[in-house]
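A.B. asks: all I have is the shape, not the residue letters:
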């Protein structure tokens, strides 16, 4: 159906409902003469008289009443759908789909989850825990959380955490049999467990920088896995050394289950950012989530 045809039907519904060209014109924001011309065009297109008009009143013909009765539910559904879309822009409700890595879920979302769901009971968070480098726009997500180094420049980005660091760790059992590496080059004689992205098959690079020298190490790998929890467990069991986010393994370092090495070679890198494509016609639910996370304690200087 063409837009002009839908406009004609909308005009007809208004006149029939109001039983007045003047009142219907006021409702539609047009002049009575323009409205009368629209109704004539509709009647000519359908080849049927839809309204009986006198100087004092307007009433539908039999054909007009039948058309009004058939159109009523459909137009009501359309108007309701339009109102519902508008409500998504003004009332915080509906789904907010966020793509984020496991570490960000624990460090950024978990601390605010209870407060957010209590403040916005009509918003459903759809959190996809995903350590891959996913294109959030192509996959239909409202926003993503990643290290700032991985956020595309055309995205709007909001910093959530301080800078991050990686840590090379191994268990006491592992180091009971091998000397601790003093230089990244020493890792070539060590057994390592490494992360592999399942979408691309690429291995996580072990890149080191002490401020004066940068080194990328080719590893002797005991195993690869696409889950950082499993990677940490492998290190705890003494299978090999692992390169993991510092905040993720710090509890194990503190309790002595993991020993950190090459600390001076692990430089900080950009922390987690919330990012999304644009602000134009942003749904109220996403705006509420962004505003809440801005004001939450999850954001630190």
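C.D. replies: Nice, I can see it. Source: prediction; values computed, not measured. Residues are numbered from 1 along each chain as shown.

A.B. asks: would you map the helices across this structure?
C.D. replies: Ranges of helices in the chain, per DSSP state H, are 3-18, 21-28, 32-46, 62-90, 102-104, 110-119, 172-175, 228-236, 246-254, 284-295.

A.B. asks: need those helices in TSV (columns: distance to residue 142 and mean pLDDT).
C.D. replies: All C-beta atoms are positioned from the backbone trio N, CA, C, and that covers glycine. Shown next, in TSV, are those (distance: least, CB to CB, whole Å; pLDDT from 0 to 100):
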stretch	distance to residue 142	mean pLDDT
helix 3-18	30	82
helix 21-28	35	87
helix 32-46	40	89
helix 62-90	12	70
helix 102-104	15	90
helix 110-119	14	90
helix 172-175	42	94
helix 228-236	24	94
helix 246-254	26	94
helix 284-295	5	88
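
A.B. asks: out of those, which is closest to residue 162?
C.D. replies: Between residue 162 and the helices of the chain, the shortest separation by CB to CB is 9.8 Å, and it involves helix 246-254.

A.B. asks: buried residues, that closest one. List them.
C.D. replies: 246-249, 252 (16 or more other CB atoms under 10 Å).

A.B. asks: same thing with stretch 23-33?
C.D. replies: 24-25, 28, 30.

A.B. asks: just the endpoints, please. Distance across stretch 50-59?
C.D. replies: Chord length of stretch 50-59, first to last residue, is 9 Å (CA to CA, to the nearest Å).

A.B. asks: any idea which of the buried residues of stretch 23-33 is the one closest to residue 199?
C.D. replies: residue 28 (52.3 Å).

A.B. asks: present the buried residues of helix 246-254 as CSV; the columns should include distance to residue 206.
C.D. replies: Shown next, in CSV, are the buried residues of helix 246-254 (distance: CB to CB, whole Å):
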residue, distance to residue 206
246, 15
247, 19
248, 16
249, 15
252, 19
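
A.B. asks: rewinding a little: could I get the helices of the chain as a markdown table with distance to residue 126?
C.D. replies: As requested, the helices of the chain are exported to a markdown table (distance: least, CB to CB, whole Å):
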| stretch | distance to residue 126 |
| --- | --- |
| helix 3-18 | 34 |
| helix 21-28 | 39 |
| helix 32-46 | 44 |
| helix 62-90 | 15 |
| helix 102-104 | 15 |
| helix 110-119 | 13 |
| helix 172-175 | 39 |
| helix 228-236 | 22 |
| helix 246-254 | 24 |
| helix 284-295 | 11 |
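
A.B. asks: what distance do you get for residue 260 to residue 290?
C.D. replies: As judged by CB to CB, to the nearest Å, residue 260 and residue 290 stand 35 Å apart.

A.B. asks: that older thread, quick one, which of the helices of the chain gets closest to residue 128.
C.D. replies: helix 102-104 (10.9 Å).

A.B. asks: for the closest one, buried residues please.
C.D. replies: Quick answer for helix 102-104 (16+ other CB under 10 Å): 103-104.

A.B. asks: please apply the same query to stretch 193-212.
C.D. replies: Result for stretch 193-212 [16+ other CB under 10 Å]: buried residues 193-196, 204, 206-208.

A.B. asks: for the stretch 201-301 of the chain, which spans come out with low pLDDT?
C.D. replies: Regions of the stretch 201-301 of the chain meeting the criterion pLDDT under 70 cover residues 279-281, 297-301.

A.B. asks: go again using 90 as the cut-off
C.D. replies: Confidence mapping of the stretch 201-301 of the chain against pLDDT under 90 gives the ranges 201-204, 211, 218-222, 226-227, 277-285, 287, 291, 293-301.
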